[in-house]
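>>> here is a sequence together with a model predicted from it:
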Amino acid sequence: MAALPEPINALIAALGKLPGIGPRSAERIALHLVQAESGSVKQLAESILTAREQVRFCEVCGALADKSTCDLCADPRRDDSVLCLVERPVDIISLEKSAAFRGKYHVLGGKISPLNGVEPEDLRIAELERRLAREPVKEIIIALGTDVEGDATGFYLAKRLAREGLKITRIAYGLPAGTGLEFADELTLSRALEGRREM
Ligand SMILES: [Zn+2]
């Protein structure tokens, strides 16, 4: 890399910080970009900026959206008596691909992890409690990862959210241990949902 002009090295370093892009890919992409037609590079840069500026979090569920409320929350055909609680916005995409869930979602924004400084108040639990007060939710399906923190968070929530007329379930195991929903295939996800158990 020593032989490359400094701006290319800077670009390689920036690309290398992206998820899933190792040093070799970063170098290949950078070398491609600096030799590509400048109009197409400009277009790429603009679409990155536009996406970053226009995408925000849904005010209701916390999913990625381009409006204040996401399409899933705004869809009247979705069953609003069942709420699926996930860790991150990307988990919604995995569950939607499995087509096994027709209710609504709530993104927690992480898992309780005192070692990493993540306390309950850092997560979107208060927002969830406000939804429970105004939406006709009868069941919450906890669909967090199957690691120790996911378990601990699930138990904490089952206790904190317990109230009359609300069933709290947890998706079945069978998901790869210690992984998030994004690594589960669609069939595994639908089975995990079907086999959910009351906590
Ligand atoms: Zn939403």
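Yes, it's here. Here the structure is a predicted model, which means the values were calculated and not measured.

>>> buried set for the worst-scoring helix or strand of the chain on mean pLDDT?
Scoring the helices and strands of the chain by mean pLDDT, DSSP states H and E places helix 186-194 at the bottom, with a mean of 79. For helix 186-194, burial by neighbour count (16 or more other CB atoms under 10 Å) applies to 188-193. Bear in mind the C-beta positions are built from the backbone N, C-alpha and C, glycine included.

>>> can you point me to the longest strand in this protein?
What stands out as the longest strand in the chain, according to DSSP state E, is strand 79-86.

>>> how far off centre is it?
15 Å (CA atoms, centre = their mean, to the nearest Å).

>>> got the CA coordinates for the next helix or strand after that strand in PDB?
Downstream of strand 79-86, the first helix or strand assigned by DSSP states H and E is helix 89-98. The C-alpha trace of helix 89-98 is given here as PDB (Å, rounded to 0.1, in the frame of the first residue of the first chain):
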ATOM      1  CA  PRO A  89     -34.100  -2.900  13.000                       C
ATOM      2  CA  VAL A  90     -32.400  -5.500  10.900                       C
ATOM      3  CA  ASP A  91     -34.200  -8.300  12.800                       C
ATOM      4  CA  ILE A  92     -37.500  -7.000  11.400                       C
ATOM      5  CA  ILE A  93     -36.200  -7.600   7.900                       C
ATOM      6  CA  SER A  94     -35.300 -11.200   8.800                       C
ATOM      7  CA  LEU A  95     -38.700 -11.900  10.300                       C
ATOM      8  CA  GLU A  96     -40.500 -10.200   7.400                       C
ATOM      9  CA  LYS A  97     -38.600 -12.400   5.000                       C
ATOM     10  CA  SER A  98     -39.900 -15.500   6.800                       C
END
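
>>> what is the mean pLDDT for helix 89-98?
Mean pLDDT, computed over helix 89-98, is 90.

>>> give me the helices and strands touching that helix, please.
strand 79-86, strand 103-107, helix 186-194 (3 or more CB pairs under 8 Å, 6 or more residues apart in numbering; DSSP states H and E).

>>> 6 Å instead, please
Applying 3 or more CB pairs under 6 Å, 6 or more residues apart in numbering; DSSP states H and E, we find helix 89-98 packed against helix 186-194.

>>> all strands of the chain, in order?
Assigned by DSSP E, the strands in the chain fall at 56-57, 64-65, 79-86, 103-107, 139-142, 167-170, 197-198.

>>> give me the low-pLDDT residue ranges for this protein?
Scanning the chain for pLDDT under 70 picks out 1-2, 173-180, 182-183.

>>> get me the contact residues on it for the ion.
Applying CB under 5 Å from the ion, one finds that the chain approaches the ion through 58, 60-61, 63, 70, 73.
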